[in-house]
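Q: coordinates for the following, if possible.
(one chain, ligands or ions: 1)
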Amino acid sequence: MNARQIWKATLEQIQTRVQPSVYDTWFSGTVGLSFDENVFMVGVPSAFAKAQMEVRFIEMIRSLLSEVTGCQPEVRFVVTKGSTVNEELQALEQEAALGEGPAQRLKRAYRAPRHRPALRAKLDSSSPAIVMTSHAPSSARPIPHRAEAREEEQEQPAIFLGYERSAEEKAGGGGEQEHLFTPIEGGSMLNPRYTFDTFIVGKSNRLAHAASKAVAERPGYVYNPLFLYGGVGLGKTHLLHAIGHHGEAAGLSVLYTTSEKFTNEIINAIRFQKTEEFRAKYRQIDILLVDDIQFIAGKESTEEEFFHTFNALYDSNKQIVVTSDRPPKAIVSLQDRLRSRFEWGLLADIQPPDYEHRQAILRSKAESMRFQVPPAVIDYIARPECRSVRELEGALKRVIAYATLHQEPLTVSLAAKALEHIYNSKPPATLTVREVLEGVCRYYNVDPEQLRGKARDREIVWPRQVAMYVMREQTDASLLQIGAELGGRDHTTIMHGWEKVQAEMATNDRVRREIAAVIETIEQSRMDLRRL
Ligand SMILES: Nc1ncnc2c1ncn2[C@@H]1O[C@H](COP(=O)(O)OP(=O)(O)OP(=O)(O)O)[C@@H](O)[C@H]1O
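A: Numbers count the residues shown, from 1 in each chain. As a prediction, this is how the structure comes out:
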């Protein structure tokens, strides 16, 4: 078999492992290019697709290629067509805006107009792609997640993983990749990421969380039905799925659906005279989870059927959990008998998170995406009030994508640039030379006067050069002004210091991390001062 045939055979296997839309989005434009000296080359249409291959799909591809070829080839991806940074950023933004995961897909697939297949395909992409680069821009550049960057990869735009983590952190990191191996047919519609473990509890959702946990532990016995309500993107579906996971782990029969899907099923059941099958399906469930129940209001036959399903399950002590964007009382055209049933159990609302809660959510999301986001950046993203955790996540993804695609370190000023039109605020003023001087001195524990003075010992010279570098990169000051702040040095000395640090950064990951940490210290103290 030649490379094309091998890849074709591999694609056939891949098709059975991933959802059709995942396949269409990421695999349909790929081609087997060559298979030499145990290296299998795959052509992909964009740098973004390459990144997805390298991070999301690599394990699956390796394993299937081994099955097809009978050996264990090294797999490499090359871009056969180019895509622009903007296209990639747009794709990431779209992902961030649309949310992710099976639940979101299910919900949106039922809402989306049928003539938007491309958009639907996009819904199947998940977290931002991750690749690496070793091009050094003039400022501290992101550290690649994997050290083994190859020459040919350096040509591609990169999505960066944050500052490199320690060996222990890496060892502890799980991955999302295993989810790709979950068979789709007959598989769970639950998003593997929506668990109680990944749900961050705060004042605004404590009751809903506690009630969901109680229901998950004793389904059918406490709070039946459980009615979760709250604004868009506040975690109702997340809790619904967490209950579902718990039930599945206990071996119970769990069914997650949306009210649109329920409605469509009923319409089809009536149309094709399959109402008995429909009833049988819904009545053998131990835990019924229905998202966005408000949409059944006013749909007579759906309400009727749901009423009977509800009664049948309730009478046999089966658990029912529903979510809605408002309490039953506010669902105007809902039949009274359904409204009163929803009110039998527990009504638990979820409110938008407060500032500390937003910070905690962002930290957890960054962690789950395996990015190290400096605290000052988390604080910045969390600062404005937000009505939806989905938006908050979107903002975080946008900042990460922006840093990655522009190959810049994650700093507050970068976050401000990335979120400028979303947060509707001007980026904060650039740092001042005074702030840099003070921050550098704090970081290295030296006195500003020593930096301004003539001392030539390494413990002073290096911080002084770092100050020159950061002042030149992160402030608007001229070489003359920088020189004046640093004890009246002339511009060639400043240039020399700047070059020295830049050269170190180009070859030394540790130095890059150090400079990023210095900048972070300065930005963090600015944020702290602003909060006082
Ligand atoms: N407390 C939380 N901790 C962690 N993640 C959260 C939390 N609340 C919401 N999220 C995340 O926010 C995103 C949106 O949540 P979810 O889809 O559950 O919202 P929703 O209330 O069902 O919104 P909608 O009304 O649009 O369906 C998800 O990625 C979810 O994981």
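
Q: thinking Ala216 is in contact with His241, fair?
A: No: with contacts counted by CB atoms under 8 Å, Ala216 stays clear of His241, the gap being 10.6 Å. To be clear about C-beta, it is placed using only N, CA and C from the backbone, and glycine gets the same treatment.

Q: compare the two (neighbour count), which wins?
A: Ranked by neighbour count (other CB atoms under 10 Å), Ala216 and His241 place His241 first, with 28 against 23.

Q: okay, the more buried one and Asn191: tell me how far apart.
A: Distance of His241 to Asn191, computed by CB to CB, to the nearest Å: 5 Å.

Q: repeat that for Asn317.
A: 27 Å.

Q: so for the two, which sits in the more crowded spot?
A: Asn191 (26 against 11).

Q: for the more buried one, phi and psi?
A: Note on Asn191: its backbone torsions stand at phi -70, psi 120 [degrees, to the nearest 10].

Q: apart from its neighbours in sequence, what residue is nearest the residue in the stretch 251-400 of the chain that the ligand sits nearest to?
A: Closest to the ligand within the stretch 251-400 of the chain is Val389: 3.4 Å, counting by CB to the nearest ligand atom. Leaving aside its chain neighbours, Val389 sits nearest to Gly233 (5.5 Å; criterion: CB to CB, 6 or more residues apart in numbering).

Q: who are the neighbours in contact with the one you found?
A: Contacts for Gly233 (CB atoms under 8 Å, 6 or more residues apart in numbering) come out as Gly99, Arg387, Ser388, Val389, Arg390, Glu391.

Q: so the fifth one touches Lys236, yeah?
A: If I follow you right, that is Arg390. No: the criterion here is CB under 8 Å, and Arg390 misses it with Lys236 at 11.1 Å.

Q: looking at these two, which is more packed in?
A: Lys236 (26 against 20).

Q: next up, phi/psi of the closest residue to the more buried one other than its chain neighbours, please.
A: In space, not counting the residues next to it along the chain, Lys236 is nearest to Thr323; the distance is 3.9 Å by CB to CB, 6+ apart. Note on Thr323: backbone dihedrals following degrees, to the nearest 10 are phi -120, psi 160.

Q: then Phe227?
A: Taking degrees, to the nearest 10 as the convention, Phe227 sits at phi -110, psi 110.

Q: residues in contact with it?
A: By CB under 8 Å, 6+ apart, the neighbours of Phe227 are Val321, Val322, Thr323, Ser324, Pro327, Pro328, Phe342, Glu343, Gly345, Leu346, Leu347, Ala348.

Q: same check on Tyr443?
A: By CB under 8 Å, 6+ apart, the contact set of Tyr443 is Pro463, Ala517, Val518, Thr521.

Q: secondary structure element for it?
A: Using DSSP states H and E, Tyr443 maps to helix 433-444.

Q: end-to-end on stretch 346-363?
A: 31 Å (CA to CA, to the nearest Å).

Q: just how off-centre is it within its chain?
A: Mean-position distance between stretch 346-363 and its chain equals 17 Å (CA atoms, centre = their mean, to the nearest Å).

Q: buried among the contacts of Phe227? Need that as a selection in ChimeraX.
A: With 16 or more other CB atoms under 10 Å as the criterion, this ChimeraX line picks the buried residues out of those:
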select :321,322,323,324,327,328,342,345,346,347,348
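
Q: tell me which of the contacts of Phe227 is nearest to Pro375?
A: Comparing these against Pro375 with CB to CB places Ala348 closest, at 31.6 Å.

Q: show me what the closest one is bridged to.
A: Counting by DSSP bridges, Ala348 is bridged to Leu228.

Q: only alpha carbons, please: show the host helix or strand of Ser525 as CSV.
A: For Ser525, the host element (DSSP H and E) is helix 509-531. The C-alpha coordinates for helix 509-531 follow below in CSV (Å, rounded to 0.1, in the frame of the first residue of the first chain):
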residue,chain,number,x,y,z
ASP,A,509,13.6,29.1,28.4
ARG,A,510,14.4,29.8,32.0
VAL,A,511,15.2,33.4,31.2
ARG,A,512,12.1,33.8,29.2
ARG,A,513,10.0,32.6,32.1
GLU,A,514,11.9,34.9,34.4
ILE,A,515,11.2,37.9,32.3
ALA,A,516,7.6,37.0,32.0
ALA,A,517,7.4,36.6,35.8
VAL,A,518,9.0,40.1,36.3
ILE,A,519,6.4,41.6,34.0
GLU,A,520,3.7,39.7,35.8
THR,A,521,4.9,41.0,39.2
ILE,A,522,4.7,44.6,37.9
GLU,A,523,1.3,44.1,36.4
GLN,A,524,0.0,42.3,39.5
SER,A,525,1.1,45.1,41.8
ARG,A,526,-0.7,47.6,39.5
MET,A,527,-3.9,45.5,39.7
ASP,A,528,-3.5,45.3,43.5
LEU,A,529,-3.0,49.1,43.8
ARG,A,530,-6.1,49.7,41.7
ARG,A,531,-8.2,47.5,44.0
